[in-house]
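> Sequence first, predicted coordinates after that:
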Amino acid sequence: MSSNLDKLKELTSRLENKLEEKEKTSFGISVDNKVVTKSEKKPLLKPVKKVKEHCDNVRDENIVRVKQLYEKLKIYEKSPDFENVFVYKAMNLSGIGLKEDDFGHVREGKYIQVIAITYEPDKNGKKKAKNISLGYFGKADTLENTLKNEIIEFVLRWRYEKTFQNVEHYKDLLARLESSSDTLF
């Protein structure tokens, strides 16, 4: 459980370092003994702004920002109740890379969508993955950088909150084991 949180913290740290490095390269600062000017390479992402609306911890801060992005990106049009956004099993993007090697890159000719994934039974009762579009943002080629960053941030922050929820679930299960006498049944 804590190793997943540690991995997420490590990923966040690496992301911040990459963003900082990209920001430096966009302003003509030397990276690996090569000077890159602003005209040669645009920064992929801008650093994510910190949210400080009376938040006591990282999770509170994250959920405040997720809700802001939920409203700004008009996710409420497809999922009107904010709390129900976390019922989905997973969330992904189409048209924008989220893997480490293509993070933030738009795929030319593709359309940008926030995709929620749920599992529903088919006619035989077998669970089957179902993709639901929560937001459509047009062609990747016409997407503004600011909007792209907010879309990516929404998905990543949603995943971060989902991780917190999963950790709570496992803590509850472990507590049930500790409180049971000899057996659960």
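All right, it came through fine. Numbers count the residues shown, from 1 in each chain.
> buried set for stretch 101-117?
Within stretch 101-117, the residues that qualify as buried are 103-104, 106, 112-116, counting by 16 or more other Cβ atoms under 10 Å. Yep, even glycine has a C-beta here, placed from its N, CA and C like the rest.
> Sort out for me which of the residues you listed are in strands.
112-116 (DSSP state E).
> I'd like those as CSV, with pLDDT and distance to residue 99 appended.
Below are these laid out as CSV (pLDDT from 0 to 100; distance: Cβ to Cβ, whole Å):
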residue, pLDDT, distance to residue 99
112, 94, 16
113, 94, 17
114, 95, 17
115, 94, 15
116, 94, 19
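> so where's this structure uncertain?
1-8, 15, 18-56, 180-185 (pLDDT under 70).
> For the longest helix anywhere in it, list every residue counted as buried.
The longest helix of the chain (DSSP state H) is helix 145-179. Across helix 145-179, burial judged by 16+ other Cβ under 10 Å covers 148-158, 160-164, 167.
> now stretch 68-87
68-70, 73, 75, 79, 85.
> do the same with stretch 120-134
residue 134.
> So what's the gap between it and the chain middle?
22 Å (Cα atoms, centre = their mean, to the nearest Å).
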